[in-house]
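Visitor: Model the following, please.
(one chain, ligands or ions: 1)
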Amino acid sequence: MRGVAHISFEGGGLIVPVQTPYERQLFFEHIDLSAKRHGSVRLKINRRHWTVSLHNGDHEACASCPRSLDALTYRLNGQTYCGQCARRALH
Ligand SMILES: [Zn+2]
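Guide: All right, here's what the predicted structure looks like:
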């Protein structure tokens, strides 16, 4: 299904719309809160599966830009991305 994201975490999950910039903003706030509460969350968006986790503190760089990773890391196909790159990729 296009235009929606499935968020799953331990004990539940939800489906949120991600078509407008405002909806995507809310979506990322959901992820942020859920990952902090549950340690990690899984996302399915445009048939891609992401895992969002709290950063373990290692100095690891993003797979697609020189930034070091933020408090939350986004994993897709074995690569780890910072929040900014993930936001771009999730569009
Ligand atoms: Zn990046």
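Visitor: Any regions of this protein where pLDDT drops low?
Guide: 1, 91 (pLDDT under 70).
Visitor: who touches the top helix by length along the chain?
Guide: Using DSSP state H to define each element, the chain has its longest helix at helix 21-38. With C-beta atoms under 8 Å, 6 or more residues apart in numbering as the contact definition, helix 21-38 has outside contacts at 5, 7, 9-11, 14, 16-18, 41, 43, 52-54, 72, 83, 87, 90-91. Yep, even glycine has a C-beta here, placed from its N, CA and C like the rest.
Visitor: What strands flank the helix or strand following that helix, and is each parallel or antiparallel?
Guide: Under the assignment DSSP states H and E, the closest C-terminal helix or strand after helix 21-38 is strand 40-45. Sheet pairing of strand 40-45 (DSSP bridges) gives strand 4-9 (antiparallel), strand 48-54 (antiparallel).
Visitor: among the ones you listed, which is nearest C62?
Guide: Closest to C62 of those, according to C-beta to C-beta: strand 48-54, at 13.9 Å.
Visitor: Just after that closest one, pick out the following helix or strand.
Guide: strand 72-76.
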